[in-house]
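1. output the structure for:
(one chain, ligands or ions: 1)
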Amino acid sequence: MPAITERHVIDSVTDALQFISYYHPRDFIQAMGRAWAAEQSPAAKNAMAQILVNSRMSALGHRPICQDTGVANITARIGVRAELEWDRPLQEIVDDAVRRAYRSDTNPLRASVVADPFGRRGNTADNAPAMLHVEMVAGDRVKFDVSAKGGGSENKTRFAVLNPSASVADWVVGTVETLGAGWCPPGILGIGVGGSVDKAMVMAKQALNEPIDVTDLRARGPRTPEEELRLEIIDRVNALGIGAQGLGGQTTVLDVKLRSFPTHAASLPVALVPNCAATRHVHFTLDGTGPAQFDPPDLSDWPELDFRDAWAGARRVNLDTLTRKEITEWQPGEAILLSGHLLTGRDAAHRRIEQMLAAGEPLPVSFRDRAIYYVGPVDPVGDEVVGPAGPTTSTRMDRYTDMMLEKLGVAVMIGKAERGEATVDSIARNRAAYLIAVGGAAYLVSQAIRESRVIAFEDLGMEAIHEFVVKDMPVTVAVDAYGSAVHVTGPRQWRMPAGTAAAAR
Ligand SMILES: O=C(O)C[C@H](O)C(=O)O
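-> Modelled structure (predicted):
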């Protein structure tokens with residue numbers, strides 16, 4: 001067997017990270033297509049349509065599916081008889097591949113990794129380092145799993161050590177109910193049961209690399225307790241009615257992947273790692289003959305659909321002339337096409353604004369009566385004004401709501417997922433509104449952005465404050481000026497009565 005070289009690893013991992021930035025896995029596209037076709041909730045169906053249209057556009061344009069191009073998660077399984085021709089630690093080698101992939105000239109990806117995580121949180125600017133796991137296995141080859149995991153779904157990871165007599169399904173279902181929509185459902189749940197605390201977490205993460213096969217599993221019937229558990233969890237989670245983007249609907253998970261391992265007699269560790277609508281992974285084996293080749297999905301894998309019908313009757317809003325009175329007329333769940341100027345800002349910008357206000361320093365921009373979009377876009381390429389620019393999870397900005405609405409006078413916030421109770425109260429008190437764009441439809445959203453310039457905090461990289469000029473940007477009213485919230489009313493409407501899910505199986 002010829003030697004596997006450092007060049008084979010770097011070229012393959014670089015190509016893998018580029019490939020998954022714009023191609024969803026084929027099984028994911030097909031599962032999302034089936035869920036879209038079956039969905040009865042109009043809001044969830046429309047969100048899934050946008051996810052699918054975005055996915056196809058990304059595949060055609062070779063631009064990222066989501067602005068959160070993720071942190072590189074890599075597992076290398078090295079055959080004990082493989083001949084390796086490299087001298088450096090594998091971490092250094094894969095980090096070089098990450099740098100090359102994320103700083104590509106033709107398809108630059110977003111640098112999301114910050115170093116000094118509990119301190120300065122400076123962006124490493126090249127998305128390195130990767131999160132690497134190495135295993136020694138039988139054989140003479142090296143197998144790689146490469147995924148790009150977004151922050152929104154990673155943040156919803158949960159872990160518990162249950163009493164050995166407790167029900168894993170009860171814990172998972174109860175936990176998913178508390179997660180909100182920041183993980184961008186519909187997606188996949190990875191579950192690790194047993195082992196040690198660290199082993200359970202690795203199993204849950206690695207389970208997400210398995211193909212979606214629930215339709216086959218249902219058709220042939222479960223053969224193991226793990227398969228029974230998967231089906232129970234899928235049905236019970238979908239019965240919660242959370243739906244796409246938490247808007248209320250029938251599909252919250254496309255599949256549940258589960259791994260288990262022997263554990264201590266006193267323990268039942270369970271890890272839950274959700275994967276979002278921008279699920280991205282690919283797998284390859286190096287045998288010394290050269291770098292890996294990847295097989296793209298076929299255009300026929302996407303369903304024929306046009307989401308624009310859903311926006312035909314949408315309210316058109318000019319942000320440049322918007323009044324508070326107009327905002328009070330918006331209905332919860334109403335589709336809106338936004339045009340005009342808006343500001344951007346997310347975690348780091350909010351933190352800095354808070355620090356500047358505390359220090360009595362003047363802010364570089366006025367937010368009064370403006371709309372703020374929580375986004376960290378990908379850098380543009382070619383004739384783009386901005387790269388993919390979908391919403392980030394708004395919940396993280398909840399702690400700044402009073403500052404932004406009451407002190408600084410923001411009129412409209414745009415992001416994704418639900419807001420906390422205090423934020424909803426603040427929105428109602430200030431007669432403001434909260435709008436959502438579809439998480440994971442970032443390339444589609446970016447088509448509505450006609451101009452973009454950084455106007456403050458340039459050192460924050462993708463977290464700098466930009467001013468965008470948008471034309472017909474599709475959003476939905478998630479919290480109206482009176483505090484009615486679709487993330488509460490939607491799932492309530494689509495929740496199946498207790499017991500129906502089990503009976504349906
Ligand atoms: O960082 C982002 O752009 C999004 C993040 O993945 C999120 O889902 O909140």
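
2. longest strand in the protein, please.
-> Longest strand in the chain by number of residues (criterion: DSSP state E): strand 465-479.

3. which strands or helices does it pack on?
-> strand 335-344, helix 421-429, strand 433-436, strand 449-456, helix 486-494 (3 or more Cβ pairs under 8 Å, 6 or more residues apart in numbering; DSSP states H and E). Glycine gets a C-beta too; all of them are placed from N, C-alpha and C.

4. the first one: which residues count as buried?
-> Using 16 or more other Cβ atoms under 10 Å as the test for burial, strand 335-344 gives 335-340, 342-344.

5. residue contacts, Phe144?
-> 9, 12-13, 16, 74-77, 283-286, 292 (Cβ atoms under 8 Å, 6 or more residues apart in numbering).

6. what do you get for Arg88?
-> Arg88 touches Glu6, counting by Cβ under 8 Å, 6+ apart.

7. helix/strand/coil for it?
-> Assigned by DSSP: H, G, I helix; E, B strand; the rest coil, the conformation of Arg88 is coil.

8. tell me the residue of the stretch 101-250 of the chain that sits nearest the ligand?
-> Gly152 (2.0 Å; Cβ to the nearest ligand atom).

9. pLDDT (mean, whole number) over the helix or strand encompassing that residue?
-> In this structure, Gly152 sits in helix 151-154 according to DSSP states H and E. Averaged across helix 151-154, the pLDDT comes to 98.

10. also stretch 456-475?
-> 96.

11. would you check that Arg370 makes contact with Leu342?
-> Yes. Judged on Cβ atoms under 8 Å, Arg370 makes contact with Leu342 at a distance of 6.9 Å.

12. identify the contacts common to those two.
-> Leu319.

13. backbone phi and psi for the nearest residue to Val80 once chain neighbours are set aside, please?
-> In this structure, Val80 finds its nearest non-sequential neighbour in Met136, 5.6 Å apart by Cβ to Cβ, 6 or more residues apart in numbering. As for Met136, its main-chain torsions (degrees, to the nearest 10) stand at phi -100, psi 130.

14. tell me what Met136 is bridged to.
-> Under DSSP bridges, the beta-bridge partners of Met136 are Ile78.

15. residues contacting it?
-> Met136 touches 77-78, 80, counting by Cβ under 8 Å, 6+ apart.

16. ok, and what's touching whichever helix or strand comes after the helix holding Gly152?
-> Next helix or strand after helix 151-154 toward the C-terminus (DSSP H and E): strand 158-162. For strand 158-162, contacts defined as Cβ under 8 Å, 6+ apart pick out 168, 171, 175, 179, 197, 200-201, 267-272.

17. repeat that for stretch 292-308.
-> With Cβ under 8 Å, 6+ apart as the criterion, stretch 292-308 contacts 12, 15-16, 19, 23-26, 29-30, 33, 36-37, 46, 49-50, 52-53, 55-56, 59-60, 144, 282, 284-286.

18. quick one: buried residues of that stretch?
-> For stretch 292-308, using 16+ other Cβ under 10 Å, the buried residues are 292, 297, 301-303, 305, 307.

19. closest one of these to the ligand?
-> Phe307 (20.8 Å).

20. what phi and what psi does the backbone show at the closest one?
-> phi -80, psi -10.

21. the nearest residue to it once chain neighbours are set aside: how many residues sit nearby?
-> Residue nearest to Phe307 in three dimensions, not counting chain neighbours: Ala49, with 3.7 Å by Cβ to Cβ, 6+ apart. Residues lying near Ala49 (other Cβ atoms under 10 Å) number 23.

22. for Ala49, what are its contacts?
-> 36, 305-307, 310.

23. hmm, 7 Å instead?
-> 36, 305, 307, 310 (Cβ atoms under 7 Å, 6 or more residues apart in numbering).

24. and Gly152, by the same measure?
-> 68, 182-184, 276, 393, 439.

25. from Arg121, how far off is Val113?
-> Distance check for Val113 against Arg121: by Cβ to Cβ, to the nearest Å, it reads 10 Å.

26. how about the CA coordinates for the biggest helix by length in the chain, as PDB?
-> Longest helix in the chain, counting residues (DSSP state H): helix 42-61. Output of helix 42-61 as PDB, limited to C-alpha atoms (Å, rounded to 0.1, in the frame of the first residue of the first chain):
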ATOM      1  CA  PRO A  42     -48.000  27.000   6.400                       C
ATOM      2  CA  ALA A  43     -45.400  28.900   8.400                       C
ATOM      3  CA  ALA A  44     -43.200  25.800   8.800                       C
ATOM      4  CA  LYS A  45     -43.700  24.800   5.200                       C
ATOM      5  CA  ASN A  46     -42.600  28.200   4.000                       C
ATOM      6  CA  ALA A  47     -39.500  28.100   6.200                       C
ATOM      7  CA  MET A  48     -38.600  24.600   4.800                       C
ATOM      8  CA  ALA A  49     -39.200  25.900   1.300                       C
ATOM      9  CA  GLN A  50     -36.700  28.700   1.900                       C
ATOM     10  CA  ILE A  51     -34.200  26.200   3.300                       C
ATOM     11  CA  LEU A  52     -34.500  24.000   0.300                       C
ATOM     12  CA  VAL A  53     -34.300  26.900  -2.300                       C
ATOM     13  CA  ASN A  54     -31.300  28.200  -0.400                       C
ATOM     14  CA  SER A  55     -29.700  24.800  -0.400                       C
ATOM     15  CA  ARG A  56     -30.000  24.500  -4.200                       C
ATOM     16  CA  MET A  57     -28.800  28.000  -4.800                       C
ATOM     17  CA  SER A  58     -25.700  27.300  -2.700                       C
ATOM     18  CA  ALA A  59     -25.000  24.200  -4.600                       C
ATOM     19  CA  LEU A  60     -25.300  26.000  -7.900                       C
ATOM     20  CA  GLY A  61     -23.400  29.100  -6.700                       C
END
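
27. if we can go back for a sec, which ChimeraX command selects the buried ones in the contacts of Met136?
-> Those of these that count as buried under 16+ other Cβ under 10 Å are selected in ChimeraX with:
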select :77,78
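
28. buried residues, stretch 264-275. List them.
-> So, applying 16+ other Cβ under 10 Å, buried residues of stretch 264-275: 267-275.

29. helix or strand: which one has Asn73?
-> strand 71-79.

30. ok, now His350?
-> Counting by DSSP H and E, His350 is found in helix 347-358.

31. list the helices and strands that helix packs on?
-> If contacts are counted by 3 or more Cβ pairs under 7 Å, 6 or more residues apart in numbering; DSSP states H and E, helix 347-358 sits against no helix or strand.

32. what residues does stretch 451-468 touch?
-> 110-111, 123, 341-349, 352, 364-365, 373, 376-377, 385-386, 449, 469.

33. give me the buried subset of the residues you listed.
-> For the contacts of stretch 451-468, buried by 16+ other Cβ under 10 Å: 110-111, 123, 342-349, 352, 373, 376-377, 386, 449, 469.

34. fine by me, we can end here.
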